[in-house]
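A.B. asks: below is the sequence, then the predicted model.
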Amino acid sequence: MSIKTVLLALIAGDGDKPQGAIDYAVALASDHGARLSVVVGAIKVPVVVYSGVAEVQAIVTDENDSRSQNADDLCNSVKRAAELNGVMATIETVTDAIDPLFARIGKRARLHDISVCGRPRPNDVWATELAETLLLSSGRPAILAPDGFDAERASDSIVIAWDGSAVAARAIGSAMDFIDRVGAVEIVSVLGDRHADDLVAGADLAPMLAHHGVKVTVTNLPYSRNVGKTIVEHAQNTRARMIVMGAYAHSRLKQMVLGGTTTTLLQYSPVPVLMAH
């Protein structure tokens, strides 16, 4: 997949600015000669009109004004970063209630080759909702970029989190432009992760990737009850440039109740993660 259009999606809030996502999206657009579109969401608190609640309305109005100001600040930060790197960027703010706002962002993502957002921080509800919207509503791949990732210190290797599933294969297809550019790919499977006759072993996947002219290794990690943590730690220890994996092979309900690989990587990976569903 050739990357010519990149969407950077951000939600304005009271937390720290997602600088990692901004830097990654700008660098990605610069490296690929792509057009960068930026959408900054400002969640609007609805004003309920009742008599005798003027104070409440004033508080809500102040809150909405504050969110709009935060969105403007984010837009200015992205604009400066894009200009410094010579990247053409279209930046806009979207203000709406929660459900229609995320629906609008999901629709925008369908019109781009790939989307970038910040890696959700634990307990950051809206950042998690944004990531899930890009993964589940866009039909396009998404990259979750953490804060503090130093590409200069990373190796020229991509870790493919491989469980043999269809969503994992789809993620690899979405990552081929990245794979073609690196020197090495490591196919990583956690033993005992899946038990099904129709799954494809990592060793069987290796020849396809080798035809793209990259060095391919296959690594089977010991069984772990927390597959996501095992993959994250391995990618960190090997200084991987990126993790590629399929998102939500299980239902979201099962992920929420039991935890899951997607959930772990969404919240804790110190390495950029390319996901596709």
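C.D. replies: Good, I have the coordinates.

A.B. asks: which residue ranges of the stretch 101-250 of the chain form strands?
C.D. replies: For the stretch 101-250 of the chain, applying DSSP state E, counting those that start in this stretch gives strands covering 114-118, 142-145, 157-161, 184-190, 215-221, 242-246.

A.B. asks: pretty sure Tyr24 is touching Ile143, no?
C.D. replies: Yes - the criterion here is CB atoms under 8 Å, and Tyr24 meets it with Ile143 at 6.8 Å. Backbone N, C-alpha and C define where each C-beta goes, glycine included.

A.B. asks: overlap in contacts of the two?
C.D. replies: Shared contacts of Tyr24 and Ile143, defined by CB atoms under 8 Å, 6 or more residues apart in numbering, comprise Val116, Pro272.

A.B. asks: just the helices in this structure please.
C.D. replies: Here the chain has its helices, by DSSP state H, at 19-32, 54-84, 98-109, 125-137, 166-174, 176-181, 202-210, 227-237, 252-258, 261-268.

A.B. asks: worst average pLDDT in the ones you listed?
C.D. replies: Looking at those, the lowest mean pLDDT belongs to helix 252-258 (a mean of 40).

A.B. asks: neighbours of Ala81, how many?
C.D. replies: Residues lying near Ala81 (other CB atoms under 10 Å) number 20.

A.B. asks: my read: it touches Ala21, true?
C.D. replies: No - in this structure, Ala81 is not within contact of Ala21 by CB under 8 Å, at 10.7 Å.

A.B. asks: and the helices of the chain: which comes nearest Val244?
C.D. replies: Of all the helices of the chain, it is helix 166-174 that lies closest to Val244, at 5.3 Å by CB to CB.

A.B. asks: how about residues contacting that closest one?
C.D. replies: Under the criterion CB under 8 Å, 6+ apart, residues 1, 114, 140-141, 160-162, 179, 200, 205, 209, 244-249, 274-277 lie in contact with helix 166-174.

A.B. asks: now these: which count as buried?
C.D. replies: 114, 140-141, 160-162, 179, 205, 209, 244-249, 274-277 (16 or more other CB atoms under 10 Å).

A.B. asks: and this structure, what are its domains?
C.D. replies: Per the record, the chain has its domains at 5-145, 151-276, by automatic domain parsing.

A.B. asks: residues near Leu134, how many?
C.D. replies: Neighbour count of Leu134, defined by other CB under 10 Å: 28.
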